[in-house]
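>>> Next one to model:
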Amino acid sequence: MNKSSEIQYCVVLVTAPSQAEAEEIAQSLVESKLAACVSLVPIKSIYTWQSELYKEEEWQLLIKTELAKFESLAAKVKDLHSYEVPEIIALPLVAGYAPYLAWISENIS
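All right, here's what the predicted structure looks like:
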């Protein structure tokens, strides 16, 4: 297992309102080499927006990438996303299987 004192890799979380929009965002990120892989999962979200409570079916994108790509990735998501304020948050990977991490790097360079 590769464990680095400096975080190089992350999983970026983005929610989308539909499977079609999630797939469009995912494909664009992979094709533009901002992500090595994007996994899509149907979810139910409960949140407050403009003082109202919402319960919505959404799609969660789990985006595997390098932390250095975050700003470009976030800009691309904002361009493609239909939400006024989309969720775009990065969770650091503190450890990972070295061959998989190498595969991420190979696929975004």
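>>> Show me how far the longest strand along the chain is from its chain's centre.
Across the chain, the longest stretch assigned as strand under DSSP state E is strand 52-66. Here the centre of strand 52-66 is set off from its chain's centre by 9 Å, with Cα atoms, centre = their mean, to the nearest Å.
>>> again with stretch 38-55
Counting by Cα atoms, centre = their mean, stretch 38-55 comes out at 15 Å from the chain centroid.
>>> Strand partners (parallel or antiparallel) of the longest strand of the chain?
strand 9-16 (antiparallel), strand 37-49 (antiparallel) (DSSP bridges).
>>> Of those, which is nearest residue 88?
Counting by Cβ to Cβ, residue 88 lies closest to strand 9-16 out of these; the figure is 5.5 Å. Where you see a C-beta, it was placed from the backbone N, CA and C, and this is true even at glycine.
>>> neighbouring contacts of the helix or strand just after that closest one?
Using DSSP states H and E, the helix or strand that directly follows strand 9-16 along the chain is helix 19-31. Residues from elsewhere that reach helix 19-31 (Cβ atoms under 8 Å, 6 or more residues apart in numbering): 14, 16, 35-38, 40, 42, 59, 61, 63, 65, 73, 76-77, 80-82, 107.
>>> before we move on, the earlier item: the strands paired with strand 52-66: which one's closest to residue 87?
Short answer: strand 9-16, nearest of these by Cβ to Cβ, at 4.8 Å.
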